[in-house]
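S.K.: build me a model:
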Amino acid sequence: MRPRDPNEPHRSASPLELFFDLVFVVAVSIAAVQLHHALTENHVADGLLSYALVFFAIWWAWMNFTWFATSFDTDDWLYRILTVVQMAGVLVLAAGIESAFVDQDFAIVVLGYVVMRVAMVTQWLRASRSSEHRKTALTYAVGIAGVQVLWILWWVLLDGTAAIIVFFVLVAAEMSVPLIAERNGGPTPWHPHHITERYGLFTLILLGESLLASANAIIEALHDDTALAPLISISVLTLMVTASFWWIYFWPPHHRAIGTFGNSLVYGYTHYFIFAAAGAFSAGIEVEIDVLTEHSELGAVGGSFTVTIPIAVFVLGVWLVAIRANADRVVNTAVPLGAVLVLFDPLIPIPITLTAVVMIVVVAVLVARGPTRVEHEKLTT
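M.R.: Numbering: from 1, shown residues only. Next comes the predicted model:
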């Protein structure tokens with residue numbers, strides 16, 4: 001497995017990578033549905049904790065595949081087979097999400113996750129045959145394999161509060177593997193345009209969940225004449241916010257954000273919150289629909305927060321990792337201020353209308369003020 005050229009012209013996502021992403025559509029959709037059920041039943045703390053745990057497994061497996069692919073995607077028959085094995089692991093994980101939410105039983109989730117990670121260990125062992133990155137690849141393989149043993153022990157031996165505490169310890173262990181491998185063994189090559197395109201494609205998957213929530217609001221409106229106007233308003237709001245998410249995310253030139261290893265870590269790890277917020281937004285819309293049709297244990301204010309908190313987290317996350325360094329003072333004031341205003345929308349009488357207005361204003365500012373330090377290349381904004 002020879003490393004790919006980080007300066008390769010016209011590098012873009014391969015058909016295999018796009019195929020790989022399809023299984024994450026399933027996993028993200030199931031996680032959002034289960035979060036919606038937990039929130040609408042007023043199991044807020046348990047629902048958010050389960051969502052955070054499950055979404056880490058989804059995000060980390062996807063991100064590790066993506067960064068490995070940008071460095072060593074040979075697209076030979078064995079690479080393809082191991083990718084399909086990882087897809088199988090995602091589907092197993094997705095099948096266990098409901099049990100994780102309802103019964104706090106993570107057995108199937110852990111099984112699917114380990115299947116994905118063992119396939120990734122095999123890929124790194126293949127990459128280690130390249131003398132140029134042998135030490136780095138072996139460090140990845142040993143580190144990932146060791147943490148998988150700990151995940152199995154976590155599932156078998158622990159439960160309750162101890163399990164939650166150790167979970168976050170193992171998360172730290174997983175996230176430290178790239179840091180140790182890249183620092184001690186030498187950096188692997190990555191293609192900035194390819195890697196940021198992959199993040200953008202995953203963002204589009206998550207925005208698709210929001211569009212589905214918008215359609216569901218219209219479907220509910222057709223079956224509930226008493227809440228027709230509010231449901232249509234929710235549908236319009238969802239479309240407007242989703243379009244704003246798209247505009248905000250793809251406004252800055254993301255490839256500038258990963259020029260160094262440290263920046264790439266910040267960029268990649270912050271995307272956990274960006275991706276999780278985008279998925280939670282679709283769940284929040286479903287909660288709002290339940291509130292309007294009187295099928296929710298949450299009140300109106302609580303239901304509104306399930307929408308505005310994800311919006312604020314998404315906007316602030318994108319601003320921190322991609323917009324802030326490429327914007328002037330006006331944009332760097334308008335974007336975070338808009339996120340804060342949206343966050344507190346539920347505390348005023350007309351939160352839905354104000355949310356839409358604030359997001360429109362933020363987008364209008366971005367339209368009026370383009371990214372700074374424009375390069376000679378054509379910016380894909």
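S.K.: quickly find the element holding residue 370.
M.R.: Using DSSP states H and E, residue 370 maps to neither a helix nor a strand.
S.K.: what are the phi and psi values at it?
M.R.: Residue 370 has phi and psi values of phi -70, psi 170 when expressed as degrees, to the nearest 10.
S.K.: neighbours of it, how many?
M.R.: Here the number of neighbours of residue 370 (other C-beta atoms under 10 Å) works out to 15. All C-beta spots, glycine's among them, are computed from the backbone N, C-alpha and C.
S.K.: can you give me the helices in the chain?
M.R.: Applying DSSP state H to the chain gives helices spanning 15-40, 44-72, 77-95, 97-103, 107-127, 134-157, 160-185, 192-223, 228-250, 261-292, 300-318, 329-343, 351-368.
S.K.: nearest to residue 9, out of these?
M.R.: Closest to residue 9 of those, according to C-beta to C-beta: helix 192-223, at 9.5 Å.
S.K.: lowest-scoring secondary structure element of this structure by mean pLDDT?
M.R.: Counting by mean pLDDT, DSSP states H and E, the chain has its least confident helix or strand at helix 192-223, which shows a mean of 85.
S.K.: helices and strands around that one, which ones?
M.R.: Helices and strands touching helix 192-223, by 3 or more C-beta pairs under 8 Å, 6 or more residues apart in numbering; DSSP states H and E, are helix 15-40, helix 44-72, helix 228-250, helix 261-292.
S.K.: give the buried residues for the second one.
M.R.: Along helix 44-72, these residues count as buried under the neighbour rule (16 or more other C-beta atoms under 10 Å): 44, 47-72.
S.K.: for that helix, packing partners?
M.R.: Counting contacts by 3+ C-beta pairs under 8 Å, 6+ apart, helix 44-72 packs against helix 15-40, helix 77-95, helix 97-103, helix 107-127, helix 160-185, helix 192-223, helix 261-292.
S.K.: export those helices as a markdown table, with columns for distance to residue 304 and mean neighbour count.
M.R.: Compiled in a markdown table, the helices and strands packed on helix 44-72 are given as follows (distance: least, C-beta to C-beta, whole Å; neighbours: other C-beta atoms under 10 Å):
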| stretch | distance to residue 304 | mean neighbour count |
| --- | --- | --- |
| helix 15-40 | 12 | 20 |
| helix 77-95 | 29 | 18 |
| helix 97-103 | 23 | 18 |
| helix 107-127 | 30 | 21 |
| helix 160-185 | 28 | 14 |
| helix 192-223 | 15 | 19 |
| helix 261-292 | 7 | 22 |
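S.K.: make JSON lines out of the ones you listed and add distance to residue 301.
M.R.: Formatted as JSON lines, the helices and strands packed on helix 44-72 follow (distance: least, C-beta to C-beta, whole Å):
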{"stretch": "helix 15-40", "distance to residue 301": "13"}
{"stretch": "helix 77-95", "distance to residue 301": "32"}
{"stretch": "helix 97-103", "distance to residue 301": "24"}
{"stretch": "helix 107-127", "distance to residue 301": "32"}
{"stretch": "helix 160-185", "distance to residue 301": "28"}
{"stretch": "helix 192-223", "distance to residue 301": "19"}
{"stretch": "helix 261-292", "distance to residue 301": "10"}
